[in-house]
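K.L.:
Here's a sequence, model it:
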Amino acid sequence: MLTAKEIREAFKRFFEEKQHHIVPSAPMVIKDDPTLMFTNAGMNQFKDIILGNKQAQWKRVADSQKCLRVSGKHNDLEEVGHDTYHHTMFEMLGNWSFGDYFKREAIDYCWEFLVEVLHLDPSCLYATVFEGYAPEGLERDNEAAGYWEAHLPKDHIINGSRKDNFWEMGDTGPCGPCSEIHIDLRDPAEKAQVPGAELVNKDNPQVIEIWNLVFMQYNRKAEGTLEPLPFNVIDTGMGFERLCMALQGKKSNYDTDVFQTLIGEIGNICGKKYGANRDVDVAMRVVADHVRTIAFSIADGQLPGNAKAGYVIRRILRRAVRYGYTFLGMKEAFMYRLIPTLIDSMGDAHPELPAQRDLIMHVTKEEEDSFLRTLETGMKLIEKVIADTQTAGKKQIEGREALTLYDTYGFPLDLTQLILKEHGMTVNEADFNVEMEKQKQRARNAAAVEATDWVELREGVTEFVGYDLTECDAQILRYRRVKQKNNVFYQIVLSRTPFYAEMGGQVGDRGTLTCGDETVVITDTKRENNLPVHIAKSLPADVTATFRAAIDVPARRAIECNHTATHLLHAALRQVLGTHVEQKGSYVDAKMLRFDFSHFKKVTPEEIRQVEHLANAMVRHATVREEYRDLPIYEARTMGAMALFGEKYGDRVRVVKYDSSIELCGGTHVANTGAIGMIRIVSESSIAAGIRRIEAITGEGVENTLDNLQDVLLEIKSLLNNAPDAIVALKKSIAENANLRHQAEGFIQERINSLKNQLKQDARTNDAGIAVMTLQGEMLPDVVKGVAIALRADGLSQAALLAATRFEGKPMLTVMLTDDLVKDGKNAGQLVREAAKLIQGGGGGQPGFAQAGGKNVDGLSAALDRLQALLC
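P.N.:
Numbering: from 1, shown residues only. Next comes the predicted model:
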């Protein structure tokens, strides 16, 4: 029986022999594509080629790509663990042809690998072909069907609908028919009862798709019409875990060696056996699947967080914790203990895992601990919801309450239902679904983008000249109108551009397009599908003209200073803190820089000062930039350039070097470090377990900050009568202030005691036999409260304090009742709330003591009368 590792290598070897270039997996986390958060298919890293924005370096390519599907179009999360073949993170084996071979070869290669190399039983295989779609004038894919007939009997070739067998990248863009290969893994007796052909694409867990061959030959335009692509593309994807299941004779992906070592370790940790209980089995599958996703995401640089991709990872981690908590009895962090087992299993194929073992374990444990605290709070909340619902005589909680539990505490509906069932209760599921759909619709509306088709004016690709020039002549290659959140703007692609498009943490350039007397303002430059796209609120009058494209030079220079400073700080941090420090994110604009890095404890003030001094020494050294724009990556690594995990590098890269700082970087930088002027770190903080963040300023920003600090110091000296030593004078002032405060507190206490005694002497007994003490006039709130507390401490009985005082023009009511009055049913909170209406205010408190503030000082006398009346 072939192992998972052997199956993966067999695939790569087969296509290498078919003249395919084997490329490494791209990171699972996508950083510079606004349309995607995660790699959800093998084709993602080739999107620029398929869209025609980039020339293919190789006509034939194959790889094993790590993918993640949990949100958007490919949302498999809620099915994971409950069935045998859905996953969040999975590997996709794929082969591509960019304008080389097409349907015949793709089908022949597929058959040869599955049947002749892997020896799958051909009688168990079925192929689907596109049945056609009359509204768009698309006929059945008879060409693909004809090629399949060379390998399969006709009853194993099945027509598939537009939904199943016409693949589209999105609402617009490349698309085409596809052909899926399904395998029937049922026992012979089951096959005899129902033919496999009747179960294809019917969600039978034993009759499943293992490979999809996509024949991209069309481009869908914004209005929905199809046009032929400039060249045909083959894009195939085979589920690695499903293939392992088929080859290893298993009925579930989780029974293969891909997952069994992890599941075995989960059993060892929780003391439960896989296969003995359905709920336990589901929980183990959920944890085994999710821990892979979490580990690979962290290794690729995506930490759990509260927004976008970070929120998705946090949600996956919390789902696993919740299943462990509920069904495996794991009330403390445990998933981080699975990381060594995962690395033993997958570390050879994915070296980013062992390289970042400590970070992955640290972040995972911290997130588990945090959510377990949240889970405990959520359990208390649901207990309160249950109690309140039962008190109201109901047995069903509202859907919005279940949604709050889901959103805030990570309680999916099935967990809420499980807990409610134990109390003989249910949830209004229809209401929950309505509220959930409203929430999803709000999210869809917020993210909705309407874009017209590109208007093509000229052929060509953009030449970026921004490393050397700040302005150049350019023509518009294409443009389109975009509407997002009721904001209309235009995206413009130029033939040549000095504008840097946002990427790698560096913001995009701003500037202008000028032709004659007309100037179009470029508000931003983004990168979309590897295209530098210039954003403008309007189009030029003549889009066919030649323009002078010019960036905002002062802003660019400030950005360059901040970007180069991140490189110098990175080098200094590694020198001061250790070589474990690695960049985990950055942001650079004209005003400041932000740099995230791996480190497991707070950076001390002394260490920050050391880092600053080292970085500024490099600034003062005025090191000239060494730049290598088209260097083979192996040469870059030989030079010592750092390749960061989670980044996708080509075979040829750009290296930026300042003395000992050597980095792979596509951003813009100063020609000489002296241009930076000075670097100042303004903050250091933690953003996640094992990840620190520094924020810094450079050049003019430092100058302005020092000016402000000097102004503050001069103001302080002035307040201290220009004492020659401000520190000594300030310490003396603080000591004198503390002494005065102590004296004032003594005076206040004397005042409280005096008032207390006077009030006791002046108390008047009302008709209810209560000794009523009243207090009025201008008075410190602390004194009034102190008097009330002192009176209660004296152990009085059948006594009350009613105070209607003011301070700095604001009215305040205070009520104190002795314990025996409270036992008789009197309530200070209720009294003060009622009387506060007369001072246009509100308040409350405990039955024995309450206060209220308001706006109407003139109402104090009436409010006091009302309190006395209520007390009778």
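K.L.:
can we go C-alpha only for contacts and neighbour counts from here?
P.N.:
OK.
K.L.:
What helix or strand is residue 787 located in?
P.N.:
Using DSSP states H and E, residue 787 falls within helix 781-793.
K.L.:
how about that helix: buried residues?
P.N.:
Judged by neighbour count using 16 or more other C-alpha atoms under 10 Å, the buried positions of helix 781-793 are 783-788, 791-792.
K.L.:
same deal with stretch 462-475?
P.N.:
462, 464, 466, 470-475.
K.L.:
May I see those residues arranged in a markdown table, with secondary structure, pLDDT and distance to residue 407 as well?
P.N.:
As requested, the buried residues of stretch 462-475 are exported to a markdown table (DSSP: H, G, I helix; E, B strand; the rest coil; pLDDT from 0 to 100; distance: C-alpha to C-alpha, whole Å):
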| residue | secondary structure | pLDDT | distance to residue 407 |
| --- | --- | --- | --- |
| 462 | coil | 93 | 44 |
| 464 | strand | 96 | 44 |
| 466 | coil | 97 | 45 |
| 470 | coil | 97 | 48 |
| 471 | strand | 97 | 49 |
| 472 | strand | 97 | 51 |
| 473 | strand | 97 | 52 |
| 474 | strand | 97 | 49 |
| 475 | strand | 97 | 49 |
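K.L.:
Using JSON lines, lay out those residues together with distance to residue 582.
P.N.:
Listed next are the buried residues of stretch 462-475 as JSON lines, based on distance: C-alpha to C-alpha, whole Å:
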{"residue": "462", "distance to residue 582": "33"}
{"residue": "464", "distance to residue 582": "29"}
{"residue": "466", "distance to residue 582": "28"}
{"residue": "470", "distance to residue 582": "32"}
{"residue": "471", "distance to residue 582": "35"}
{"residue": "472", "distance to residue 582": "37"}
{"residue": "473", "distance to residue 582": "40"}
{"residue": "474", "distance to residue 582": "39"}
{"residue": "475", "distance to residue 582": "41"}
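K.L.:
Out of those residues, which comes closest to residue 413?
P.N.:
residue 462 (49.8 Å; C-alpha to C-alpha).
K.L.:
Look up phi and psi at that closest one.
P.N.:
Torsion angles at residue 462 (phi, psi; degrees, to the nearest 10) stand at phi -70, psi 130.
K.L.:
Nearest residue to it in space, ignoring adjacent ones along the chain?
P.N.:
residue 495 (4.6 Å; C-alpha to C-alpha, 6 or more residues apart in numbering).
K.L.:
Is the one you found in contact with residue 472, as I believe?
P.N.:
No. With contact defined as C-alpha atoms under 8 Å, residue 495 and residue 472 do not form a contacting pair (10.3 Å).
K.L.:
State the distance from residue 296 to residue 800.
P.N.:
66 Å (C-alpha to C-alpha, to the nearest Å).
K.L.:
And what about the residue nearest the centre of the chain, helix, strand or coil?
P.N.:
Centroid check for the chain by C-alpha atoms, centre = their mean gives residue 310 as the closest residue, at 2.2 Å. State at residue 310, reduced to three classes by DSSP: H, G, I helix; E, B strand; the rest coil: helix.
K.L.:
Just the element for residue 368, please.
P.N.:
Residue-wise, residue 368 maps onto helix 357-391 under DSSP H and E.
K.L.:
List of residues touching the following helix or strand past that helix?
P.N.:
With elements assigned by DSSP H and E, the helix or strand that comes after helix 357-391 is strand 396-397. By C-alpha atoms under 8 Å, 6 or more residues apart in numbering, the residues outside strand 396-397 that reach it are 385-386, 389, 425-428.
K.L.:
Give me the buried subset of these.
P.N.:
Buried among those (16+ other C-alpha under 10 Å): 385-386, 389, 425-427.
K.L.:
okay, those in a markdown table with pLDDT and distance to residue 514 next?
P.N.:
A markdown table is the format used below for those (pLDDT from 0 to 100; distance: C-alpha to C-alpha, whole Å):
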| residue | pLDDT | distance to residue 514 |
| --- | --- | --- |
| 385 | 88 | 64 |
| 386 | 90 | 67 |
| 389 | 89 | 67 |
| 425 | 93 | 69 |
| 426 | 93 | 66 |
| 427 | 93 | 62 |
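K.L.:
returning to that earlier point: of the buried residues of helix 781-793, just say which sits nearest to residue 771.
P.N.:
Residue 771 lies nearest to residue 791 out of the buried residues of helix 781-793, by C-alpha to C-alpha, at 12.1 Å.
K.L.:
which two in the buried residues of helix 781-793 are spaced the farthest apart?
P.N.:
Farthest pair in the buried residues of helix 781-793, by C-alpha to C-alpha: 783 and 792, 14.3 Å.
K.L.:
circling back: now do the same contact list for the residue nearest to residue 462.
P.N.:
By C-alpha under 8 Å, 6+ apart, the contact set of residue 495 is 460-463, 474-477.
K.L.:
Kindly indicate whether residue 802 is helix, strand or coil.
P.N.:
Three-state call for residue 802 (three-state DSSP): strand.
K.L.:
Pull the contacting residues for it.
P.N.:
Contacts of residue 802 (C-alpha under 8 Å, 6+ apart): 772-775, 813-816, 864, 867-868.
K.L.:
for residue 159, same thing?
P.N.:
Contact partners of residue 159, counting by C-alpha under 8 Å, 6+ apart, are 128-131.
K.L.:
In a strand, it, correct?
P.N.:
Yes. The assignment for residue 159 by three-state DSSP puts it in a strand.
K.L.:
Could you list everything it pairs with in the sheet?
P.N.:
residue 129 (DSSP bridges).
K.L.:
now it: how far from residue 144?
P.N.:
To residue 144, residue 159 is 11 Å away according to C-alpha to C-alpha.
K.L.:
Could you find the closest non-adjacent residue to residue 629?
P.N.:
Closest residue to residue 629 in three dimensions, ignoring its sequence neighbours and counting by C-alpha to C-alpha, 6+ apart: residue 654, at 4.2 Å.
K.L.:
And the helices in the stretch 151-300 of the chain?
P.N.:
Per DSSP state H, counting those that start in this stretch, the stretch 151-300 of the chain carries helices over the ranges 162-165, 188-193, 240-247, 260-270, 278-299.
K.L.:
burial of the closest residue to residue 214 other than its chain neighbours, as a residue count?
P.N.:
Sequence neighbours aside, residue 178 is the residue nearest to residue 214 in space, at 4.2 Å (criterion: C-alpha to C-alpha, 6+ apart). For residue 178, the count of nearby residues is 26 (other C-alpha atoms under 10 Å).
K.L.:
cool, and the one 5 residues further on?
P.N.:
In terms of burial, residue 183 registers 26 neighbours under the definition other C-alpha under 10 Å.
K.L.:
residues touching the nearest residue to it once chain neighbours are set aside, list them.
P.N.:
Leaving out its chain neighbours, the residue that sits closest to residue 183 by C-alpha to C-alpha, 6+ apart is residue 125, at 4.7 Å. By C-alpha under 8 Å, 6+ apart, the contact list for residue 125 reads 156, 181-184.
K.L.:
Alright, I will stop here.
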